[in-house]
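Novice: Sharing a sequence plus its predicted fold:
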Amino acid sequence: MKVTNITTVTEFILLGIPFLHDLHNVFFVVGFFMYLTTIMGNGFILVIVAIEPRLQTPMYIFLSNLAFLEICYTTAVIPKMLQTLVETRTTICFYCCMAQIYFHFALGGTELFILTAMSFDRYLAICKPLQYPLIMTKHVCVQMSLATWYGGFFILFFQFLLLLKLPFCGSNIIDHFYCDIGPLLSLACADTHTIELLGLFSSFVIIIMTLILTVASYIFIISTILRIPSAVGRKKAFSTCTSHLIVVSILYGALIVMYVRPNMHSSSRVSRVLAVLNTALTPMLNPFIYTIRNKEVQEAVRSLIQKKGFLNEGF
């Protein structure tokens, strides 16, 4: 039997957060402020690490990668989210939607790999301090940084190709504020079980495996710290890990609830709140978590201000 009058979807309509429609203006102001804060905060990390030689160590090279990633990650999602808050009908073209999905998940996977690399760096620095300079050279650090980016973009590429080939011929309304995989699969006019299984497998590999490696690193780190005889030494060692543990706890908690589950079609209110946490709040908080109590960054900023003041006096 020949099927006729099938319309292929060329664009999607993003509903935003319809159950809180009356607060969209408030959310726009808050979201715009958070986005600007994210750009400025992570941009500050990139600048201070680039111009301050004392911060050009493996730990801060990884942190610079994380800061650059957060800028890209939020830019892939937040501007379109802000548009859904001020327009009654926000559309996104088919290929723009697909690109948003790919970059959202590829950058998200890269972030987890970077956090895992940072935990390994802290493991070597605390558990093997004598071997650390020999193992974690600048060359090794750069190679690990590149590997995190390659891994994040490559591991999801074939799943993205399958998603790109799905037919969309029915409704084009996405019940979300950006193109997320679950709401999009519910609109496909084909069987999506293969992509769902691949998505579940990818989520397990990327989220659960990196979490296991990170937790394992910190088990060794904490056991080593507890054996330090000096209370001051223990406090100093813990202070270098606390910020990373906070970021890991917030991020992994949200991701496990959102993506490590069999039914990817559902788009509950809880998952959308967690999506806001994942795409807007965490990237904004990261610069503050990593820098506010960081004495090395504080000293670098103080030194930079003093240098600038000296130069101004010279003129």
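Specialist: Arrived safely, thanks for sending. Source: prediction; values computed, not measured.

Novice: Just give me the neighbour total for residue 157.
Specialist: The number of residues packed near residue 157 is 10, by other Cβ atoms under 10 Å. Just so you know, the C-beta spots here come from the backbone N, C-alpha and C atoms, and that holds for glycine as well.

Novice: now do residue 179
Specialist: For residue 179, using other Cβ under 10 Å, the count is 23.

Novice: What about the closest residue to it other than its chain neighbours, how many residues nearby?
Specialist: Among residues not flanking residue 179 along the chain, residue 97 sits closest, at 4.1 Å (Cβ to Cβ, 6 or more residues apart in numbering). The number of residues packed near residue 97 is 22, by other Cβ under 10 Å.

Novice: who touches residue 97 in this structure?
Specialist: Residue 97 is in contact with 11, 12, 174, 179, 184, counting by Cβ atoms under 8 Å, 6 or more residues apart in numbering.

Novice: measure the second one to residue 60 for me?
Specialist: This means residue 12. Look at residue 12 and residue 60: by Cβ to Cβ, to the nearest Å, they are 40 Å apart.

Novice: Likewise for residue 35?
Specialist: From residue 35 to residue 60 the distance is 24 Å (Cβ to Cβ).

Novice: Neighbour count for the two, which is higher?
Specialist: Taking neighbours as other Cβ under 10 Å, residue 35 and residue 60 compare with residue 60 leading, 23 against 20.

Novice: Distance check, the closest residue to that one other than its chain neighbours against residue 185.
Specialist: Spatial nearest neighbour of residue 60, chain neighbours left out: residue 49 (4.8 Å); criterion: Cβ to Cβ, 6+ apart. Residue 49 sits at a distance of 39 Å from residue 185 (criterion: Cβ to Cβ).

Novice: more neighbours, the two?
Specialist: Using other Cβ under 10 Å, the more surrounded residue of residue 49 and residue 185 is residue 49, with 21 against 18.

Novice: Counting neighbours, which of the contacts of residue 97 end up buried?
Specialist: Buried by 16 or more other Cβ atoms under 10 Å: 12, 174, 179, 184, out of the contacts of residue 97.

Novice: State whether the third one is indeed within a strand.
Specialist: No: the assignment for residue 179 is coil, going by DSSP: H, G, I helix; E, B strand; the rest coil, so no strand is present there.
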